[in-house]
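> Here is my input; please provide its structure:
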Amino acid sequence: RQASRVNRKQVPLREAEMAVPFIGSRIILISKSDIRYEGTLYAIDTVQATVALNNVRSYGTEDRRADNVIPPSDAVYKYIIFRGSDIKDLQVCETPADAAP
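Okay, here's the model as predicted:
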């Protein structure tokens, strides 16, 4: 199954009301620092322009940066809130409906 891709430049967070059905979806987020995070979409705040993920893992910069490599972390963060301005790319990997038996 191909992941849905939302590019921050194409879809402003103000229009994120359409993303409400994606609450609970598995998300891959790439920060402007080129760090990949994976977690579950917990909330979207259109007023503060933030995206909250829970059960988040950081996979570091992987092969996206040669000059400032950030290694992956074994930690699982309960919640991380990202400012929309710090998001480079966001992909919906699995929606709650996809995960249901």
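
> For the rest of this, base every contact and every neighbour count on C-alpha atoms.
Will do.

> list the contacts for S33?
The contact partners of S33, taken as C-alpha atoms under 8 Å, 6 or more residues apart in numbering, are T61, D86.

> Now it: which helix or strand?
In the assignment (DSSP states H and E), S33 maps to no helix and no strand.

> so what's the backbone phi/psi at it?
The phi/psi pair for S33 (degrees, to the nearest 10) reads phi -90, psi 10.

> Could I get the pLDDT score of it?
Per-residue confidence for S33 comes out at a pLDDT of 94.

> How about V20?
67.

> center of the chain, which residue is that?
Nearest to the geometric centre of the chain sits L29, at 3.0 Å (C-alpha atoms, centre = their mean).

> Can you give me the neighbour number for the residue nearest to that one when sequence neighbours are not counted?
Spatial nearest neighbour of L29, chain neighbours left out: L90 (4.5 Å); criterion: C-alpha to C-alpha, 6 or more residues apart in numbering. Neighbours of L90 under the rule other C-alpha atoms under 10 Å: 20.

> Make sure L90 is actually in contact with S25.
No - the criterion here is C-alpha atoms under 8 Å, and L90 misses it with S25 at 11.8 Å.

> all strands in the chain, in order from the N-terminus.
Residue ranges of the strands in the chain, as given by DSSP state E, are 4-7, 26-31, 36-45, 50-58, 76-83, 87-94.

> Any figure for the gap between I44 and T50?
Per C-alpha to C-alpha, to the nearest Å, I44 is found 6 Å from T50.

> out of these two, which sits in the more crowded spot?
Taking other C-alpha under 10 Å, I44 and T50 do not tie; I44 has more neighbours (23 against 19).

> If the more buried one is in a bridge, with which residues?
V51 (DSSP bridges).

> just checking, it touches V51?
Yes - assessed by C-alpha under 8 Å, I44 is found in contact with V51 at 4.6 Å.

> How many residues are close by T95?
19.

> Now do the same contact list for it.
Contacts for T95 were tallied using C-alpha under 8 Å, 6+ apart; they are F22, G24, S25, R26.
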